[in-house]
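Student: Whatever this is, show me its structure:
(2 chains)
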Amino acid sequence: NSKVIQTPRYLVKGQGQKAKMRCIPEKGHPVVFWYQQNKNNEFKFLINFQNQEVLQQIDMTEKRFSAECPSNSPCSLEIQSSEAGDSALYLCASSLGEYSYEQYFGPGTRLTVL
Amino acid sequence: GEQVEQRPPHLSVREGDSAVITCTYTDPNSYYFFWYKQEPGASLQLLMKVFSSTEINEGQGFTVLLNKKDKRLSLNLTAAHPGDSAAYFCAVSAGGTGYQNFYFGKGTSLTVIP
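Tutor: Purely as a prediction, here's the structure:
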């Protein structure tokens, strides 16, 4: 069973508010991924890290989303100004990286933007 | 980018019957393929991974077949039981390392009727 921890499980924000969620990857996993799963079960990759370094991020993440994985602290994903279309399940996954291809997912943070 | 199509979106079978879920993908350079199970309120649980060009992998009560020539991946639950009721997702790795994000199908909601 996955040991990726995500907090909070549920987050409710008004439009224009900041929304921040956190992820603790499995111990020893240097690679962290963030995905958005919308109500239609469409998954969108947002950003990934190796340790503290950003590997890839999509354009949406570059503009309204900010993310970091500081040393010895949880990774975080923050939406600077929430929009109704951001309502979704945000999934964090971790991996050993390089030649280990499996990604292990946390339970997600369900964001509702009113 | 890679596009993954999963069928059917909903599947209802009786206990003891088989259930088949299929994904097709477009990028012939995709390397690694995964099936995940998601129960309500829970995280994505890794069921099976498959890497070789044409491979059959067997798990507890299910079989996974990959046909790279046809760019098709399937999950066959051989004798479904009520505990198998969940959403199932296929995932395709975008590249040849563990740093690459996944592309997901839109899921199959499986209901097993006792």
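Student: which parts of chain A sit against chain B?
Tutor: Contact residues (CB under 8 Å from any CB of the partner chain) of chain A with chain B: A:1-2, A:4, A:31, A:33, A:35, A:40-43, A:45, A:48, A:50, A:55-56, A:91, A:93, A:95-108. In short, each C-beta sits where N, CA and C put it, glycine included.
Student: and those residues, which are buried?
Tutor: A:2, A:4, A:31, A:33, A:35, A:41, A:43, A:45, A:48, A:50, A:55, A:91, A:93, A:95-97, A:101, A:103-108 (16 or more other CB atoms under 10 Å in any protein chain shown).
Student: Just the pLDDT at residue A:94, thanks.
Tutor: On pLDDT, residue A:94 comes in at 95.
Student: On the three-state scheme, it is what?
Tutor: strand (DSSP: H, G, I helix; E, B strand; the rest coil).
Student: I'd say it and residue A:28 touch.
Tutor: No: in this structure, residue A:94 is not within contact of residue A:28 by CB atoms under 8 Å, at 9.1 Å.
Student: Who has more neighbours out of these two?
Tutor: residue A:94 (27 against 7; other CB atoms under 10 Å in any protein chain shown).
Student: and the more buried one, what are its bridge partners?
Tutor: With DSSP bridges as the criterion, residue A:94 is bridged to residue A:32, residue A:104.
Student: Which of the helices and strands in chain B ranks last by mean pLDDT?
Tutor: Least confident element among the helices and strands of chain B, by mean pLDDT, DSSP states H and E: strand B:54-58 (a mean of 62).
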